[in-house]
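Enquirer: sequence and computational prediction follow.
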Amino acid sequence: MPAAPHEIVSSSSASEQRTSVAKELRPLLPADWLKFAVLALMLAMIVALLWFPLRRMGGDCQINYNEGWNAYKQALARNGQPLYGAPLDPLTGPTTYPPVSFHLIGWLAHDGDVVRTGRWLSLLSVLWTGLFVGLIVRELGADEVVAVFSGLLYILGIAIFLPDRLGMDDPQLLGEAFTTAGLYCYVKGRDRTRLLVASAFLFCLAGFTKQNLLAFPAAAGLDLLLRSRRRFALWTGAMVGLAALFTVLTLTVDGRYFPAHLLFHRTYSLDAALVSATQYYLVTFQGIMLVAIVWILCRGRSCPLLVTAFLLANALGFVLAGGDGVDLNIYFNAFAAGVLICGVAVAEFDGRRLPDELEIHPRPKLRRYSGVKAAALMVALFLCVSIAFPDRLSADRLRARQLASDEAEFRAAVALLQATKGPALCENLLLCYRAGKPYVLDTFVASDQIDLGALDEDALPAMLRAQRFGAVELDVLPEEALASAPLRRERPRFSAEATDALLANYELRMRTAHLLIFLPKQERGAGN
């Protein structure tokens, strides 16, 4: 007697369930063990590379020049003073970043230390971005192992490429966390209004944290336009409305000179852009770039979203890298896009494909690749990024041994500045901030403005001849490291004339491995 239709369906369903359970309970293959070994090695390396940043986060010395500048701006926001309330000053320059990070850190710090709060937020942002990189790759069809690999690859790459940015008070990594979360909301919820609006909000939040984070929202907008004009209009309307709201709030709270500060002109060097791209970025991530380019050429039509994000992020990073003072963190967004493509490539090698709803163009039938090839690609990508791990770890150990003495010297320099009257000139802006000195001159900005012709070349020498500063701090150059080494007249941010004026009117009072502090000559004579 033939089975009833419902019995056939039930039997088929049971068979599918047994097949699914069998797949889940299959024994681990050698390729699986290799994948887990790669994940374990990556995690161990990340822990080793995070050890020193975690130790120095509570330290009293500067990690990067930008920390002191950020600290002054964060203190302004915490005290309710407008960030863009005055015209541009060629001696101190503009507030070149949007306001979100300054207000967020000022609020989180309360009456505490904005520098340490910013450092913790920066470190957590790296982990946050790695998490969302993994979630995006998972949403694009990868399994859990490949998703975890992608997230760890991003974190490890940042730690290898620019270790000083781990646990440093700077908004770039916070902005990266926001824009990557926005891309995740877009990938997961293109057909869900709430998630589309959430992606628009996070993209705007990223743009008002660091204005260079344009690649991911632009890629999402183009992808959505190709899929649904109605949803594109909805998403674009949310973006424009939120951007307008953020702009009005900024103009109201932080001052009407916001556009002028953000559009501040700086010197530009194409050679600097080429050097940063070829000698640092591409050398460090050549394996990831190669895999990403090959995948774009072979499979790029299946996911224009990733292709557009990768091309825009890399193009934007290269163009902006030539700006005076732009650091290698300008490539973080491009690196994240490359990791996303590599994660998808590994998943496809493992026999997985992009979900149907994520593809615009018809795709060819792909044969199931063996897990061995996917594992081999994971190993290759891991080795390409981690090849510099021994050097980074060795450098961290050396700096860890010097950390105690660096902190002691920094605290002694702060005490000396606090004992002087009037404003101080510091190349190390965090030193002046810790000493409670007002932000009256930024040597980096002043030298840039002199090059642009916006500031008289004699402005700084004239201030030094008039002994306008109660103390002057210079960073030690490599050739000045020895106590007996003579001071260089021509310096990166000081002309020979400025150095002559300094030596004629100030005398060296403190010399450490990292800084020189000068006090007015007449002050010493009066003290005697």
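Expert: Perfect, I can see it now.

Enquirer: phi first, then psi, for residue 507.
Expert: Torsion angles at residue 507 (phi, psi; degrees, to the nearest 10) stand at phi -130, psi 150.

Enquirer: for it, which non-adjacent residue is closest in space?
Expert: residue 521 (5.2 Å; C-beta to C-beta, 6 or more residues apart in numbering). The way it works is simple: take the backbone N, C-alpha and C, and place the C-beta from them, glycine included.

Enquirer: let me see the contact set for the one you found.
Expert: By C-beta atoms under 8 Å, 6 or more residues apart in numbering, the contact set of residue 521 is 505-507.

Enquirer: most surrounded residue in those?
Expert: Of all the contacts of residue 521, residue 506 has the most neighbours under the rule other C-beta atoms under 10 Å, reaching 22 neighbours.

Enquirer: quick one: the helices in the stretch 201-350 of the chain, in order.
Expert: Here the stretch 201-350 of the chain has its helices, by DSSP state H, counting those that start in this stretch, at 215-227, 229-254, 258-262, 270-275, 282-284, 286-299, 304-321, 332-349.

Enquirer: which one of the ones you listed lies closest to residue 442?
Expert: helix 258-262 (13.6 Å; C-beta to C-beta).

Enquirer: got the CA coordinates for the closest one in CSV?
Expert: Provided in CSV are the C-alpha atoms of helix 258-262 (Å, rounded to 0.1, in the frame of the first residue of the first chain):
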residue,chain,number,x,y,z
PHE,A,258,33.4,73.7,11.9
PRO,A,259,33.6,73.6,8.0
ALA,A,260,36.6,75.9,8.0
HIS,A,261,38.5,73.7,10.5
LEU,A,262,37.7,70.5,8.6
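
Enquirer: show the pLDDT at the closest residue in space to residue 96 that isn't next to it in sequence.
Expert: Nearest in space to residue 96, with sequence neighbours left out and distances taken as C-beta to C-beta, 6+ apart, is residue 264 at 5.6 Å. Reported pLDDT at residue 264 in the predicted model: 81.

Enquirer: and residue 264, what does it touch?
Expert: Applying C-beta under 8 Å, 6+ apart, the residues near residue 264 are 88, 93-94, 96.

Enquirer: quick one, phi/psi of it?
Expert: phi -60, psi 130.

Enquirer: now, which of the contacts of residue 264 sits nearest residue 149?
Expert: Among the contacts of residue 264, and counting by C-beta to C-beta, the member closest to residue 149 is residue 96, at 36.1 Å.

Enquirer: how many neighbouring residues does residue 263 have?
Expert: So residue 263, with other C-beta under 10 Å, has 11 neighbours.

Enquirer: please apply the same query to residue 334.
Expert: 26.

Enquirer: not counting its neighbours along the chain, what's nearest it?
Expert: residue 313 (3.9 Å).

Enquirer: again, but for residue 304
Expert: Per C-beta to C-beta, 6+ apart, closest to residue 304 is residue 223, 5.8 Å.

Enquirer: and what of residue 445?
Expert: residue 93 (3.3 Å).

Enquirer: over to residue 326?
Expert: Distances taken as C-beta to C-beta, 6+ apart put residue 320 closest to residue 326, at 5.8 Å, once the chain neighbours are dropped.
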